[in-house]
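J.: Got a sequence here, can you model it:
(one chain, ligands or ions: 2)
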Amino acid sequence: MQSNPVSPIDEYRRQQVCAATGDCLRRAAGICHYPFPLIDISFDLSGRAAGMYRVRQGRRCIRYNPYILARYFDEGLAETVPHEVAHYATDVLYGLENIRPHGAEWQALMRALGATPRATAKYDLTGIPVRRQRRFVYRCSCSTHQLSTRRHNRIHRDSAAYLCRRCRVPLVFAG
Ligand SMILES: [Zn+2]
Ligand SMILES: [Zn+2]
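T.: Ligands and ions are numbered 1, 2, ... in the order given. So this is what the prediction gives:
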């Protein structure tokens, strides 16, 4: 059991993951005879998955979890990278709405890439922040307050007001 908090992978290792993703994509292009365009890569995934392929507002993106990759770096290169590349490639070729996420098309490409077509992996998440709570700093007239994302959104979207319990002044976002 590892109990020390895990630090996210550094810039050097992020570049290795990006290079491996590009490499894998080129191999997928050779296998499928299709010139897949390069895809955006981010390292902003938190939670229990090592990677995620996402399409949002027409933009395709592969997101990696920098904490899980820190502990499972080799597995990440060997499994997570082809896993997400295969999601991307099968989306381009067939369309997400026409295939099951880990269906036959995805599995076939995973095998062709030399990876095991496993839908999920079991990770030891000890010390890995699975729910990274963002906090927003607000001020009243007597101190500062840390507000959750939910409260911050309520103030901005719904014009809700929160009063400081001590000075009774509405909290103002400190930026
Ligand atoms: Zn998947
Ligand atoms: Zn106050």
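
J.: quick one: secondary structure of Leu147?
T.: What DSSP: H, G, I helix; E, B strand; the rest coil gives for Leu147 is strand.

J.: Test my guess that it contacts Cys140.
T.: No - look at Leu147 against Cys140 with Cβ atoms under 8 Å: they stay out of range, at 11.5 Å. No exception for glycine: its C-beta is placed from N, CA and C like everyone else's.

J.: how distant is the helix or strand of the chain with the lowest mean pLDDT from the center of its chain?
T.: Within the chain, no helix or strand scores below helix 149-157, which has a mean of 88 by mean pLDDT, DSSP states H and E. Computed by Cα atoms, centre = their mean, to the nearest Å, the chain-centroid distance of helix 149-157 equals 23 Å.

J.: for that helix, packing partners?
T.: Applying 3 or more Cβ pairs under 8 Å, 6 or more residues apart in numbering; DSSP states H and E, we find helix 149-157 packed against strand 135-139, strand 172-173.

J.: Just the C-alpha atoms of that helix, please, in CSV.
T.: Provided in CSV are the C-alpha atoms of helix 149-157 (Å, rounded to 0.1, in the frame of the first residue of the first chain):
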residue,chain,number,x,y,z
THR,A,149,-17.2,25.7,-7.4
ARG,A,150,-21.0,25.2,-6.7
ARG,A,151,-21.3,28.3,-4.6
HIS,A,152,-19.1,30.3,-6.9
ASN,A,153,-21.3,29.4,-9.9
ARG,A,154,-24.4,30.2,-7.9
ILE,A,155,-23.1,33.7,-7.3
HIS,A,156,-22.1,34.3,-10.9
ARG,A,157,-24.9,32.5,-12.8
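
J.: buried stuff in that helix?
T.: 151-152, 155 (16 or more other Cβ atoms under 10 Å).

J.: One more: stretch 66-74?
T.: Buried, per 16+ other Cβ under 10 Å, within stretch 66-74: 66-72.

J.: average pLDDT across it?
T.: Averaged over stretch 66-74, pLDDT sits at 94.

J.: Could I get the contacting residues of the closest residue to His156 other than its chain neighbours?
T.: Distances taken as Cβ to Cβ, 6 or more residues apart in numbering put Phe173 closest to His156, at 7.9 Å, once the chain neighbours are dropped. Applying Cβ atoms under 8 Å, 6 or more residues apart in numbering, we find Phe173 in contact with 136-138, 152, 155-156.

J.: still on that earlier bit, which residues are common contacts for Leu147 and Cys140?
T.: Leu171.

J.: Can you list which of the buried residues of stretch 66-74 are found in helices?
T.: Those of the buried residues of stretch 66-74 mapping onto helices are 66-71, per DSSP state H.
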